[in-house]
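Enquirer: I'd like to go over a predicted model; first the sequence, then the structure.
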Amino acid sequence: MSVVKVGDVYDVVIEPACATRVSEFIGNGVQRALVVHPESMRALGERVTAALRDVGVEAYAASVPDAEPAKTAAVAADLWSLLGQHGFTRTDVVVGVGGGTVTDLAGFVAATWLRGVPVIQVPTTLLGMVDAAVGGKTGINTAEGKNLVGSFHEPRVVLCDTDVLATLPQADWVAGLAEVVKAGFIVDPVILDLVASDPAAAARADGPHTVELIERAIRVKADVVAADLRESSLREILNYGHTFGHAVEQVEQFTMRHGEAVAIGMVYAAELACAAGVLDRSLVDRHREVLTSVGLPTSYASGRWAELETAMRRDKKTRGSMLRFVVLEDIARPVRLEGPDEDWVRAAYAAISG
Ligand SMILES: NC(=O)c1ccc[n+]([C@@H]2O[C@H](COP(=O)([O-])OP(=O)(O)OC[C@H]3O[C@@H](n4cnc5c(N)ncnc54)[C@H](O)[C@@H]3O)[C@@H](O)[C@H]2O)c1
Ligand SMILES: O=C(O)C(=O)C[C@@H](O)[C@H](O)[C@H](O)COP(=O)(O)O
Ligand SMILES: [Zn+2]
């Protein structure tokens, strides 16, 4: 078993078959559990529910819509109703079993029920394991944008059961690699070297470096989050590629995979940094090479610049009317670019639209 500590706040456990050992990690005094899962993970959701019942917990499984449609106020309201009907108290728990959409939703419902009950996260996608389930950011989307309603709510524990990755569709594996590569660009260049050494292997869940890539990316996230739980400063680096990426997701009405949008967003950020004169052109090319090598998109031609710009202004890093981006000066040297020149912002869009 490998454990990555998020400071002294909670552990991220990485181990085959750990999902159904949830009762070992649930904590004392829990009488009830709500196990939230998408339909695609019904079997695992029911096995987690059964494992909790085996130790005397009154456990209920709740199926939610697949992917981004799970992250809505209506779905959250249905889960609040279930918690109310079953009399959940502050010593009971919510368990999120699924990809990042489900862990974001389950965390948000736990954060808001009775103003906060514990959540245990059981991510079942690569992206969920290396990023979404770790760090305590929870939330849902609104018509106006991505993750606009949410809360910071740290999980009690994160259980990364690597066995479940065997059934993950290839496109979702590759989408998760975007956040792995992000961790490489912002903090840990060894990740980029591992991917570059054999991109075809990195693009497979059973590749030789899979466990190392997962552990390294989780460590990047855990260390950054532990240093800045509430995103007062340093944590913003985890948002690399997300200012433009979230805008693309919104313009695409949340039908594009988050990881794919973040890949495009990182190339946008690299082009922006280059236009601003802080990043060398060769490192912009490196973004395209690494991302393309594993099958991620690096361009986006929607012709909908005005909508993208409006969406970027709703990014949580924006202050007043000033757009703020995370960009790189070099690999593993992230910095803020505040109030960039309008010409640079448009030039970066032109560069990725081609
Ligand atoms: N809170 C955070 O810090 C944070 C960080 C990164 C991303 N996110 C959020 O995470 C979401 C994206 O997460 P995602 O990429 O995991 O997408 P997702 O939750 O939509 O899962 C992708 C697809 O895989 C299916 N699936 C999940 N596990 C499976 C398995 N083991 N086998 C077969 N199918 C499986 C799901 O049903 C879904 O269709 C976005 O909403 C994003 O905003 C949050
Ligand atoms: O944990 C963080 O902090 C991140 O920014 C990680 C991102 O990968 C993630 O997509 C996050 O949900 C984006 O946060 P938001 O604050 O821009 O909604
Ligand atoms: Zn992300």
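Expert: Received, thanks. Remember, predicted model here, so these are calculated numbers, not experimental data. Ligands and ions are numbered 1, 2, ... in the order given.
Enquirer: from here on, contacts and neighbour counts on C-alpha atoms
Expert: Noted.
Enquirer: Any residues of this structure in contact with ligand 1? List them.
Expert: 38, 40, 66-68, 98-102, 104, 124-125, 127-128, 131-132, 135, 137-138, 164-165, 167-169, 172, 176, 258 (C-alpha under 6 Å from any ligand atom).
Enquirer: For ligand 1, what is the nearest residue in the stretch 151-300 of the chain?
Expert: L168 (3.6 Å; C-alpha to the nearest ligand atom).
Enquirer: Report the contact partners of that residue.
Expert: L168 is in contact with T125, counting by C-alpha atoms under 8 Å, 6 or more residues apart in numbering.
Enquirer: what's the burial count for the nearest residue to T125 once chain neighbours are set aside?
Expert: Spatial nearest neighbour of T125, excluding adjacent residues (C-alpha to C-alpha, 6 or more residues apart in numbering): G99 at 5.0 Å. Look at G99: counted by other C-alpha atoms under 10 Å, it has 27 neighbours.
Enquirer: go on, the one 4 residues further on?
Expert: For T103, the neighbour count with other C-alpha under 10 Å is 33.
Enquirer: sec struct for it, please.
Expert: helix (DSSP: H, G, I helix; E, B strand; the rest coil).
Enquirer: That one is in contact with P123, isn't it?
Expert: Yes - using C-alpha atoms under 8 Å, T103 is in contact with P123, at 6.8 Å.
Enquirer: which neighbours do the two share?
Expert: With C-alpha under 8 Å, 6+ apart as the test, T103 and P123 both reach G96, V97, A133.
Enquirer: quick one: which of those residues is most hemmed in?
Expert: Result: A133 is most packed of the shared contacts of T103 and P123 (other C-alpha under 10 Å), 35 neighbours.
Enquirer: Pull out the buried residues from the residues of the chain next to ligand 1.
Expert: By the neighbour-count criterion of 16 or more other C-alpha atoms under 10 Å, the residues of the chain next to ligand 1 include these buried positions: 38, 40, 66-68, 98-102, 104, 124-125, 127-128, 131-132, 135, 137-138, 164-165, 172, 176, 258.
Enquirer: could you say which helix or strand contains whichever residue of the stretch 51-200 of the chain sits closest to ligand 2?
Expert: Going by C-alpha to the nearest ligand atom, ligand 2 is nearest to N147 of the stretch 51-200 of the chain, at 4.7 Å. Here N147 sits within strand 145-152, counting by DSSP states H and E.
Enquirer: which residues of the protein fall in strands?
Expert: Assigned by DSSP state E, the strands in the chain fall at 2-6, 10-14, 32-38, 58-64, 93-98, 119-123, 137-142, 145-152, 157-160, 324-330, 333-338.
Enquirer: Out of the ones you listed, which is closest to L291?
Expert: Closest approach to L291 among the strands of the chain (C-alpha to C-alpha): strand 324-330, 16.1 Å.
Enquirer: list the helices and strands the closest one packs on?
Expert: helix 258-275, strand 333-338 (3 or more C-alpha pairs under 8 Å, 6 or more residues apart in numbering; DSSP states H and E).
Enquirer: and if we set it to 10 Å?
Expert: helix 170-186, helix 242-251, helix 258-275, helix 281-293, helix 305-313, strand 333-338 (3 or more C-alpha pairs under 10 Å, 6 or more residues apart in numbering; DSSP states H and E).
Enquirer: Mean neighbour count, these: which tops it?
Expert: Greatest average neighbour count among the helices and strands packed on strand 324-330 goes to helix 258-275 (a mean of 27), per mean count of other C-alpha atoms under 10 Å.
Enquirer: In this protein, which residue sits nearest ligand 2?
Expert: N239 (3.8 Å).
Enquirer: quick one: that residue and V262, what's the gap?
Expert: From N239 across to V262, the span is 9 Å (C-alpha to C-alpha, to the nearest Å).
Enquirer: now do E144
Expert: 19 Å.
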